[in-house]
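Visitor: all I have is the shape, not the residue letters:
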């Protein structure tokens, strides 16, 4: 019987090709528009983006583990896992590290990941009627998915921090359950 | 010599975006800008029909006091810039603005096609392009 080469026969660890930024920009824009048509409120919009990102996060972690079988170790402690998210994961998704990872001084199980210019928001100008909508909710969902699959349940929210005179930056607030 | 005004006109002749590019540029009322855009759109279309050889419309209008440069995209959007007489490099300028348009307007999920442009990132990038323009007085 003939053995035809299908996509499942391809080597999973071959180096990935780069994707056009414009292609992602258009695709993400259509995704937001699609959700906008169905969503009932701004929180609903962010929630749906987070849900979609969650699915991506779960799969990305498995993919990274499978690709780097020799060196990849699942992180069993909280802070190394967060560090993995803000460096290795960020580098895989966006080509650079997250700007800063810090622990909250007020709440015990809260951590912040700072990002000056999230890739998702690069081409998006949020009109004033939408208030504090942040489309980086998608990336927040990815982080949530990765953390959940690593065994740490958390709520991740993308918050816009306004800086006077400068572009607003995004902070991902990671709030753990225990 | 310096840039004066930038217009972006949609496929049906409506004014999508207008910006004064320097403080000394002549100013008229909002309505008049809309009329100006519509008139230019009409003239552009007539020129395509009236031209003796196959033409794609008005590209430059030069006079002793002003230069008007127009760039029409394949989709029918017109980018028009007016500047003092003798200003060069307007074509390159319009191409840069077109690139900013495709980036910050077309990829914005909150922008509806052919509507007036109110995207903050676009306005900011237009200002940056103006500042980077070689003979700009600003």
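Guide: It's in. From a predicted model like this one, the values you see are computed outputs, not experimental measurements.

Visitor: which parts of chain B sit against chain A?
Guide: Applying C-beta under 8 Å from any C-beta of the partner chain, one finds that chain B approaches chain A through B:102-104, B:106-110, B:118-122. Just so you know, the C-beta spots here come from the backbone N, C-alpha and C atoms, and that holds for glycine as well.

Visitor: where does pLDDT dip in chain B?
Guide: Within chain B, the segments meeting pLDDT under 70 span B:1, B:135-138.

Visitor: any of the residues of chain B next to chain A buried? List them.
Guide: Burial of these was assessed by neighbour count (16 or more other C-beta atoms under 10 Å in any protein chain shown); the buried members are B:103-104, B:106-110, B:119, B:121-122.

Visitor: want to throw the residues you listed into a markdown table with secondary structure?
Guide: Listed next are these as a markdown table, based on DSSP: H, G, I helix; E, B strand; the rest coil:
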| residue | secondary structure |
| --- | --- |
| B:103 | helix |
| B:104 | helix |
| B:106 | coil |
| B:107 | coil |
| B:108 | coil |
| B:109 | coil |
| B:110 | coil |
| B:119 | coil |
| B:121 | helix |
| B:122 | helix |
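
Visitor: who does the most centrally placed residue in chain B bridge with?
Guide: By C-alpha atoms, centre = their mean, chain B has its centre lying nearest to residue B:80, at 2.5 Å. For residue B:80, the beta-bridge partners under DSSP bridges are residue B:7, residue B:70.

Visitor: surely it touches residue B:61?
Guide: No - under the criterion of C-beta atoms under 8 Å, residue B:80 makes no contact with residue B:61, lying 9.7 Å away.

Visitor: shared neighbours of those two, anything?
Guide: With contacts defined as C-beta atoms under 8 Å, 6 or more residues apart in numbering or on different chains, the residues shared by residue B:80 and residue B:61 are B:68, B:70.

Visitor: max-length helix in the chain?
Guide: I went with chain A, as the question did not name one. Assignment by DSSP state H gives helix A:42-67 as the longest helix of chain A.

Visitor: was after chain B, sorry
Guide: Max-length helix for chain B by DSSP H is helix B:30-50.

Visitor: what lines up beside the following helix or strand past it in the sheet?
Guide: The first helix or strand that comes after helix B:30-50 along the chain, using DSSP states H and E, is strand B:60-62. Note on strand B:60-62: by DSSP bridges, its sheet partners are strand B:66-72 (antiparallel).

Visitor: what residues does chain A have near chain B?
Guide: A:22, A:25-26, A:28-33, A:36, A:123-127, A:130, A:135.

Visitor: and those residues, which of them are in helices?
Guide: Going by DSSP H, the helices hold A:22, A:25-26, A:28-33, A:36 from the residues of chain A next to chain B.

Visitor: among the residues you listed, who's most crowded?
Guide: Counting by other C-beta atoms under 10 Å in any protein chain shown, residue A:32 has the largest number of neighbours within these, with 23 neighbours.

Visitor: tell me the contacts of that residue?
Guide: A:45, A:49, A:124, A:135, B:109.
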